[in-house]
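Participant: A structural model of the following input is requested.
(one chain, ligands or ions: 2)
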Amino acid sequence: MDLYEYQGKELFKRFGIPVSAGRLATTPEEARTAAEEIGGQVVVKAQVLTGGRGKAGGIKLADSPEEAGQHAEAILGLDINGHVVRKLWIEQASDIAHEYYLSVTFDRGEKKALFMLTKEGGIDIEEVAANRPEALARLHVDPLEGFQPYQARRLIYGAGIDDPSEQKQILAIIEKLYAAFVGADSMLCEINPLIVTPEGEVKALDSKFTVDDNALYKHPDIAEMRDLEAYPPEERAAREKDVTYVKLDGEVGILGNGAGLVMSTLDVIALAGGRPANFCDLGGGGDAQGVTDALEIISADPQVRSILFNIFAGITRCDEVARGILAALDKTNIEHPIVVRFDGTNAEEGRQILLDAGRDNIHVASTMLEAAKRAVELAA
Ligand code: GDP
Ligand code: MN
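Facilitator: Ligands and ions are numbered 1, 2, ... in the order given. I've put the predicted structure just below:
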């Protein structure tokens, strides 16, 4: 889960990393009030789950509350890389002497956390890595040894930071960033820019913070930060109902049980000359409620023209799934053609239940390929 800048900064603050004071605003009026409360010059920052906001006009300095309101007016509703701005972070403006870059992420190849630090921050780090790799200090932290202060010193010297006061402050920030990275089960903690003010104070001016979805159960406070409004409506419904749902670009909605089966169903649809519109994975479940939820979510996607149910039942029982399909059709007004392929536990019973129901939008197929061909035909 990606966090907004202001949420990442909230976590930075909890772990003792210095950030500027700020307030959240969703209207120009709130932005004005926030600027008034903060006092002095402020920066109005678009809160979107993408980078490059500065270049896109999503970050503006304001000398007065009125100006903050005007910038808010201009930035709210702006489309930044496909993300529409609905929230602003109004922050006390900082004077900047230097912009550095600091991050910690996973190096999956090395199976270790990887720190990167450079004095050439502010801009795209990819550019620095590509054009001036010697300016980018990199350092791995072994998860079993944990973080050691000498590592931070090595990183700081490697990046060529030679001012003793900066060294001291950045050392503390590196240590805290590692604590945040581990403590929040993060996949990425990035500070770009990490600034030095003219007075020599070092602080995080931006934050990019990604938390491992699979660890969110350990962090209910972070899980709550998820902004459901940032997702398309079907994805929001899927999250609320705990259904695994992925949006794709074609016409056939797919429901399967188990990631492997779902992936091969996508391939078979392609083989049959069609394109998947989306897919849901029922996992090991497949009770009537789960089937109803998934079917509602799949059919809510306006691109869906037909639906393919591909069930290979082990723990799941096909008769249960069949009853789920019928229950869903009773409860909703789904009229899409639904092609069903059952195999495994109680497949025969499941097929019989569907045939007995005599619904003309349900088509029973006996093999995966036949089912895929039928679903593609029906989507045409
Ligand atoms: P990003 O473009 O999405 O990475 O957003 P950032 O938060 O990194 O801001 C982009 C740039 O805006 C920074 O690199 C700064 O140069 C500038 N900026 C942001 N906040 C301030 C501030 O408080 N004062 C000044 N002078 N510039 C700022
Ligand atoms: Mn940035």
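
Participant: the strands in the stretch 51-200 of the chain, which residues?
Facilitator: Applying DSSP state E, counting those that start in this stretch to the stretch 51-200 of the chain gives strands spanning 59-62, 79-80, 83-84, 88-92, 98-107, 112-118, 137-141, 186-196.

Participant: turn the ones you listed into JSON lines, columns for distance to D319 and mean pLDDT.
Facilitator: C-beta coordinates here come from the backbone N, C-alpha and C atoms, glycine included. Shown next, in JSON lines, are the strands of the stretch 51-200 of the chain (distance: least, C-beta to C-beta, whole Å; pLDDT from 0 to 100):
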{"stretch": "strand 59-62", "distance to D319": "57", "mean pLDDT": "98"}
{"stretch": "strand 79-80", "distance to D319": "48", "mean pLDDT": "94"}
{"stretch": "strand 83-84", "distance to D319": "44", "mean pLDDT": "92"}
{"stretch": "strand 88-92", "distance to D319": "53", "mean pLDDT": "98"}
{"stretch": "strand 98-107", "distance to D319": "44", "mean pLDDT": "97"}
{"stretch": "strand 112-118", "distance to D319": "49", "mean pLDDT": "97"}
{"stretch": "strand 137-141", "distance to D319": "52", "mean pLDDT": "96"}
{"stretch": "strand 186-196", "distance to D319": "41", "mean pLDDT": "98"}
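
Participant: quick one: closest of these to N361.
Facilitator: strand 83-84 (36.1 Å; C-beta to C-beta).

Participant: a markdown table for the strands of the stretch 51-200 of the chain, including distance to M263 and mean neighbour count?
Facilitator: Shown next, in a markdown table, are the strands of the stretch 51-200 of the chain (distance: least, C-beta to C-beta, whole Å; neighbours: other C-beta atoms under 10 Å):
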| stretch | distance to M263 | mean neighbour count |
| --- | --- | --- |
| strand 59-62 | 40 | 18 |
| strand 79-80 | 32 | 15 |
| strand 83-84 | 28 | 14 |
| strand 88-92 | 39 | 24 |
| strand 98-107 | 24 | 20 |
| strand 112-118 | 30 | 22 |
| strand 137-141 | 33 | 18 |
| strand 186-196 | 23 | 23 |
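
Participant: any chance of the ones you listed in JSON lines, plus distance to ligand 1?
Facilitator: Listed next are the strands of the stretch 51-200 of the chain as JSON lines, based on distance: least, C-beta to the nearest ligand atom, whole Å:
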{"stretch": "strand 59-62", "distance to ligand 1": "5"}
{"stretch": "strand 79-80", "distance to ligand 1": "8"}
{"stretch": "strand 83-84", "distance to ligand 1": "11"}
{"stretch": "strand 88-92", "distance to ligand 1": "6"}
{"stretch": "strand 98-107", "distance to ligand 1": "6"}
{"stretch": "strand 112-118", "distance to ligand 1": "14"}
{"stretch": "strand 137-141", "distance to ligand 1": "20"}
{"stretch": "strand 186-196", "distance to ligand 1": "5"}
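
Participant: give me the number of residues near the closest residue to V246 other than its chain neighbours?
Facilitator: Distances taken as C-beta to C-beta, 6 or more residues apart in numbering place F279 nearest to V246, at 5.5 Å, with adjacent residues excluded. For F279, the number of neighbouring residues by other C-beta atoms under 10 Å comes to 25.

Participant: same deal with G40?
Facilitator: 9.

Participant: could you do R305 as well?
Facilitator: Neighbours around R305, by other C-beta under 10 Å: 18.

Participant: same question for I96.
Facilitator: When neighbours are counted by other C-beta under 10 Å, I96 registers 13.

Participant: my read: it touches E201, true?
Facilitator: No. Look at I96 against E201 with C-beta atoms under 8 Å: they stay out of range, at 10.8 Å.

Participant: around ligand 1, which positions in the stretch 1-150 of the chain sit nearby?
Facilitator: Contacts of the stretch 1-150 of the chain with ligand 1, taken as C-beta under 6 Å from any ligand atom, map to V43, G51, G52, R53, G54, I59, A93, S94, I96, E99, G122.

Participant: ok so, going back, now render the strands of the stretch 51-200 of the chain as CSV, adding distance to R351.
Facilitator: Formatted as CSV, these follow (distance: least, C-beta to C-beta, whole Å):
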stretch, distance to R351
strand 59-62, 59
strand 79-80, 48
strand 83-84, 45
strand 88-92, 56
strand 98-107, 46
strand 112-118, 51
strand 137-141, 55
strand 186-196, 44
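
Participant: show me where the stretch 251-380 of the chain has helices.
Facilitator: For the stretch 251-380 of the chain, the helices defined by DSSP state H, counting those that start in this stretch cover 259-271, 288-300, 318-331, 347-357, 368-379.

Participant: list the helices and strands the last one packs on?
Facilitator: Which is helix 368-379. Applying 3 or more C-beta pairs under 8 Å, 6 or more residues apart in numbering; DSSP states H and E, one finds that helix 368-379 contacts strand 252-256, helix 259-271, strand 306-313, strand 338-344, strand 362-365.

Participant: count of residues packed around the closest residue to ligand 2 within the chain?
Facilitator: Closest to ligand 2 within the chain is D206: 3.5 Å, counting by C-beta to the ion. D206 has 23 neighbours, counted by other C-beta under 10 Å.

Participant: residues contacting the closest residue in space to it that isn't next to it in sequence?
Facilitator: Distances taken as C-beta to C-beta, 6+ apart place N192 nearest to D206, at 5.5 Å, with adjacent residues excluded. Residues near N192 by C-beta atoms under 8 Å, 6 or more residues apart in numbering: Y101, L102, S103, G121, G122, I125, D206, K208.

Participant: from K45, how far off is the closest residue to the fourth one other than its chain neighbours?
Facilitator: For G121, ignoring the flanking residues on the chain, the nearest one in space by C-beta to C-beta, 6+ apart is Y101 at 3.3 Å. With distances taken as C-beta to C-beta, to the nearest Å, Y101 is found 18 Å from K45.
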